[in-house]
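Peer 1: Take this sequence and fold it.
(one chain, ligands or ions: 1)
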Amino acid sequence: MAVAYYHAAEAQKLNIIPEPVEATKGNGIYQLGKKITIANNGASDELVNNIANELQIATLKEVRTGKNNAAIVFSIIQEETIGKEGYYVEVNQKGIQIKANTNAGLFYGWQTVKQLMPAAIYSNKNNPDLVWSLPYVKIMDKPRFGWRGLMLDVSRHFFSKADVKVFIDDMARYKYNRFHWHLTDDQGWRIEIKSLPKLTEVGAWRPLRKGKWMNTTTPAVTEPKTYGGFYTQEDIKEIVAYAKSKYIEVIPEVDIPGHSMAMNTAYPQLSTTPNYPYQVNVGEEFMDWEGINGHATAKIDNSLDPSNELVYQYLDQIFGEIAPLFPYEYIHMGGDENAKNNWEKSANVQALMKKEGLKNQNEVQSYFVRRVQKIINSKGKKMIGWDEILEGGLSGDAAVMSWRGIEGGINAAKQGHKVVMSPNGYNYLDFYQGELTAEGKVYAGLRMKKTYSFEPIPEGIDSNLILGNQGNQWTEQLQTMRNVQYMTWPRALAIAETSWSPKSKKNWPIFVEKVEGQFEKLAAANVKYALSMYDPIVTTQLNTKGEFIVYMEGEIDGLKIYFSMDDSMPDNFSDEYTKPFVLPEDLAVLRVISYRNGKPLGKMLSIPVESLKQRAIKVL
Ligand code: ACM
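Peer 2: Okay, here's the model as predicted:
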């Protein structure tokens with residue numbers, strides 16, 4: 001029987017994120033029978049067994065492998081156009097066929113198939129009474145970028161092995177393939193180094209604080225250090241293997257020479273202030289970001305001493321133990337936000353400058369980076385670092401992760417270095433995602449619409465040098481994996497689509513519909529996600545008459561915005577926002593809510609007048 005297929009808009013109703021390269025929907029439905037047979041033509045047994053297991057749990061059907069009457073067929077093929085990670089999926093009256101050159105490709109094909117199934121496929125509960133069906137489709141798909149990353153900071157708050165596995169599970173559903181693990185920072189050293197035991201005995205622990213970050217009380221030296229944790233080398237191997245089973249490579253980060261307070265607490269002799277009574281930072285402010293002439297200054301020295309040979313000896317031991325634990329080719333050495341005010345004051349650093357002919361602190365940093373690069377290369381790995389590693393000169397095959405916008409990425413690519421884009425203005429998942437007064441307080445805000453608009457290949461740059469795209473989840477304000485999930489999803493869906501899908505296939509209104517389709521899948525997978533895209537964007541302008549003008553708009557199309565200024569709770573019978581208005585003199589609080597089709601969406605916003613005034617853009 002011939003099957004008709006529909007193109008374009010119809011196919012996007014398939015609700016697949018990231019959007020496939022080509023997808024056509026047929027006019028039939030395939031239903032899984034009482035028994036599910038899976039045929040394996042060349043795929044790894046581990047992959048097929050994992051999938052059989054997933055299906056068995058969700059459907060409670062009898063799932064077995066075999067050749068005859070197979071409902072699902074996995075085939076390894078040889079076909080250049082789809083590359084190493086691409087796949088073909090076809091669903092028709094015969095069942096589900098997934099073909100790829102590699103097991104990774106088959107895995108991505110399976111992720112696509114799951115998105116076509118009932119959301120319960122993501123559940124770890126049995127759903128025997130469901131009709132397990134999916135639409136006829138024909139899909140050809142392959143990723144735009146080879147590096148599709150998410151970073152998790154486990155230093156600012158520690159996340160257990162089980163939590164990290166959850167983070168990896170969440171990534172895998174959307175075809176992410178690089179897990180960047182930020183393992184060290186001022187607030188904790190999280191990886192066992194057997195030859196330097198104090199790194200975790202001392203550096204992994206601090207007194208517990210529940211308050212707001214950078215507004216916490218400084219602990220007394222005697223306060224018990226009960227909060228923290230670290231991963232043993234066995235734990236690391238377990239996580240790396242777990243990620244590998246989901247075709248995710250793990251990139252460990254040891255953030256040096258700055259961000260090293262935990263390391264300096266363990267071994268104060270590594271700093272230029274060895275007599276300082278170091279403690280692992282609990283979240284209290286110690287950095288003046290504005291500093292002197294715009295250069296950040298550290299009130300407590302959180303840098304390693306670049307003139308001390310012991311530093312390089314210890315780093316050689318550290319990277320020597322780390323390199324064999326992580327099979328992937330890159331190790332991340334951080335390199336960001338290193339305050340140099342303590343280096344400037346150090347006689348030893350000055351002597352180093354004289355000896356090595358280093359003209360300024362950037363060149364000192366560059367000297368440090370070159371030494372670290374040599375160590376990392378000596379362990380058979382390539383180095384990657386934040387874009388500050390370009391300052392003062394970068395050499396060899398080092399790659400750059402561009403976070404202060406895309407400029408670092410552009411400069412790096414112009415010098416021939418490979419680049420991963422993770423600009424803070426688009427890809428920082430710790431920034432609040434909706435109305436400022438209704439979300440946890442952080443340094444900056446970032447709406448998903450802006451995240452979605454990111455284009456990783458800058459104009460005029462050789463696209464071969466752009467390895468890919470990455471979202472970063474810093475955890476200063478995030479103490480639990482539930483909260484990490486809330487900040488990550490759905491914005492990481494936007495990053496996933498930018499990282500995988502052809503540029504020409506991106507479309508914001510369709511993406512929003514697909515995100516709404518993913519909510520029930522995320523819920524089935526027990527993922528906490530934000531509904532912030534339903535919150536109206538409320539801005540103000542201060543005009544020349546000294547009046548504050550209020551503007552409201554939806555982040556997504558199709559919302560009606562209602563508000564009150566009399567302290568009442570607005571609904572769809574309240575004033576509807578249709579045009580900008582002057583903030584009344586005596587207003588205390590503006591309450592706002594969005595509706596669609598007569599139903600409230602998202603949160604009720606209660607915005608104090610002070611906040612409305614603070615956010616005003618001055619119009620002269
Ligand atoms: C960074 O956000 N400091 C890399």
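Peer 1: alpha carbons only for contacts and neighbour counts from here, please
Peer 2: Fine.
Peer 1: Give the closest residue to V113 in space, chain neighbours not counted.
Peer 2: Once flanking residues are discounted, V113 sits nearest to V89: 7.6 Å by C-alpha to C-alpha, 6 or more residues apart in numbering.
Peer 1: would you say the one you found is within a strand?
Peer 2: Yes: counting by DSSP: H, G, I helix; E, B strand; the rest coil, V89 is part of a strand.
Peer 1: OK, contacts around it?
Peer 2: Taking C-alpha atoms under 8 Å, 6 or more residues apart in numbering, we find V89 in contact with 96-99, 109, 113, 137-140.
Peer 1: next one: Y328
Peer 2: So Y328 contacts 249-251 (C-alpha under 8 Å, 6+ apart).
Peer 1: Check for me that it belongs to a helix.
Peer 2: No: using three-state DSSP, the assignment for Y328 is coil, not a helix.
Peer 1: Return, as residue ranges, the portions of the chain with sub-threshold pLDDT.
Peer 2: Where the chain drops to pLDDT under 70, the residues are 1-12, 620.
Peer 1: what does it put close to the ligand?
Peer 2: 336, 386, 403 (C-alpha under 6 Å from any ligand atom).
Peer 1: Include neighbour count and distance to G460 when you put those into CSV, please.
Peer 2: What follows is the residues of the chain next to the ligand, written out as CSV (neighbours: other C-alpha atoms under 10 Å; distance: C-alpha to C-alpha, whole Å):
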residue, neighbour count, distance to G460
D336, 18, 26
W386, 24, 22
W403, 25, 19
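Peer 1: nearest to T216, of those residues?
Peer 2: Comparing the residues of the chain next to the ligand against T216 with C-alpha to C-alpha places D336 closest, at 23.5 Å.
Peer 1: Hmm, L390 and the closest one touching each other?
Peer 2: No: in this structure D336 lies outside contact range of L390 using C-alpha atoms under 8 Å: 10.4 Å.
Peer 1: end to end, how far does stretch 547-557 reach?
Peer 2: Start and end residues of stretch 547-557 are separated by 29 Å (C-alpha to C-alpha, to the nearest Å).
Peer 1: and L183, how far is that from the ligand?
Peer 2: 13 Å (C-alpha to the nearest ligand atom, to the nearest Å).
Peer 1: re the thing from before, I'd like the residues of the chain next to the ligand laid out as CSV, including distance to L605 and secondary structure.
Peer 2: Listed next are the residues of the chain next to the ligand as CSV, based on distance: C-alpha to C-alpha, whole Å; DSSP: H, G, I helix; E, B strand; the rest coil:
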residue, distance to L605, secondary structure
D336, 36, coil
W386, 37, strand
W403, 31, coil
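Peer 1: Closest one of those residues to E363?
Peer 2: D336 (14.7 Å).
Peer 1: Narrow the contacts of Y328 to those in strands?
Peer 2: Here DSSP state E is the test, and those give 249-251 as lying in strands.
Peer 1: Buried among these? Need that as a selection in ChimeraX.
Peer 2: The buried residues among these can be selected in ChimeraX (16 or more other C-alpha atoms under 10 Å) with this line:
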select :249,250,251
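Peer 1: Dump the ones in strands among the contacts of Y328 into a markdown table; add distance to N377 as well.
Peer 2: Shown next, in a markdown table, are these (distance: C-alpha to C-alpha, whole Å):
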| residue | distance to N377 |
| --- | --- |
| E249 | 19 |
| V250 | 18 |
| I251 | 15 |
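Peer 1: ok, then the element right after the helix or strand encompassing M552?
Peer 2: Using DSSP states H and E, M552 falls within strand 548-553. Proceeding N to C from strand 548-553, the next assigned helix or strand is strand 560-564, under DSSP H and E.
Peer 1: Partner strands of that next one, with direction?
Peer 2: Its sheet considered, strand 560-564 pairs with strand 575-576 (antiparallel), strand 589-596 (antiparallel) by DSSP bridges.
Peer 1: Point out the most buried one among the ones you listed.
Peer 2: Among the strands paired with strand 560-564, strand 589-596 has the highest mean neighbour count (mean count of other C-alpha atoms under 10 Å), at a mean of 22.
Peer 1: Can you list the strands that the helix or strand following that strand pairs with?
Peer 2: Later in the chain than strand 589-596, the nearest helix or strand by DSSP H and E is strand 599-608. Looking at strand 599-608 with DSSP bridges, its partner strands are strand 589-596 (antiparallel).
Peer 1: Run the angle between the strand it pairs with and strand 548-553 for me.
Peer 2: 20 degrees (axes from the mean of the first three to the mean of the last three C-alpha atoms, to 10 degrees).
Peer 1: contacting residues around strand 589-596?
Peer 2: With C-alpha under 8 Å, 6+ apart, strand 589-596 has contacts from 534-536, 558-572, 600-609.
Peer 1: Using TSV, lay out the strands paired with strand 560-564 together with distance to E62.
Peer 2: Formatted as TSV, these follow (distance: least, C-alpha to C-alpha, whole Å):
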stretch	distance to E62
strand 575-576	55
strand 589-596	43
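Peer 1: among these, which is nearest I76?
Peer 2: strand 589-596 (46.1 Å).
Peer 1: Would you mind confirming that G229 is in contact with R190?
Peer 2: Yes: here G229 lies in contact with R190, judged by C-alpha under 8 Å, at a distance of 6.6 Å.
Peer 1: re earlier: packing partners of the strand holding M552?
Peer 2: Judged by 3 or more C-alpha pairs under 8 Å, 6 or more residues apart in numbering; DSSP states H and E, the packing partners of strand 548-553 are strand 537-542, strand 581-582.
Peer 1: what separates the longest one from the chain centre, distance-wise?
Peer 2: Okay, so that is strand 537-542. 29 Å (C-alpha atoms, centre = their mean, to the nearest Å).
Peer 1: Give me the residues contacting it.
Peer 2: Contact partners of strand 537-542, identified using C-alpha under 8 Å, 6+ apart, comprise 434-435, 548-555, 612-613, 615-619.
Peer 1: what do you get for the shortest one?
Peer 2: For strand 581-582, the external contacting residues (C-alpha under 8 Å, 6+ apart) are 547-551.
Peer 1: swap in stretch 462-472?
Peer 2: Counting contacts by C-alpha under 8 Å, 6+ apart, the residues touching stretch 462-472 from outside are 145-152, 413, 416-422, 427-430, 456-457, 492, 495, 498-499.
Peer 1: Just give me how far it sits from the chain centre.
Peer 2: 14 Å.
Peer 1: just stretch 476-496 next, same as before
Peer 2: 8 Å.
Peer 1: Buried residues, it. List them.
Peer 2: Applying 16+ other C-alpha under 10 Å to stretch 476-496 flags 476-478, 481-496 as buried.
Peer 1: ok, back up a step: find the residues that touch each one of G229 and R190.
Peer 2: Shared contacts of G229 and R190, defined by C-alpha under 8 Å, 6+ apart, comprise 158, 200, 204.
Peer 1: Leaving aside the residues adjacent along the chain, what's closest to the first one?
Peer 2: On the basis of C-alpha to C-alpha, 6+ apart, the spatially nearest residue to F158 that is not a chain neighbour turns out to be G228, at 5.7 Å.
Peer 1: what's the spacing between that neighbour and L55?
Peer 2: 37 Å.
Peer 1: Among these two, which residue is more densely surrounded?
Peer 2: More neighbours surround G228 than the other of G228 and L55, with 23 against 20 (other C-alpha atoms under 10 Å).
Peer 1: what sits up against stretch 38-52?
Peer 2: Against stretch 38-52 from outside (C-alpha under 8 Å, 6+ apart): 63-68, 70-76, 102-103, 106-107, 245.
Peer 1: Quickly list what the closest residue to N341 other than its chain neighbours is bridged to.
Peer 2: Among residues not flanking N341 along the chain, T297 sits closest, at 5.6 Å (C-alpha to C-alpha, 6+ apart). Residues in a beta bridge with T297, per DSSP bridges, are D288.
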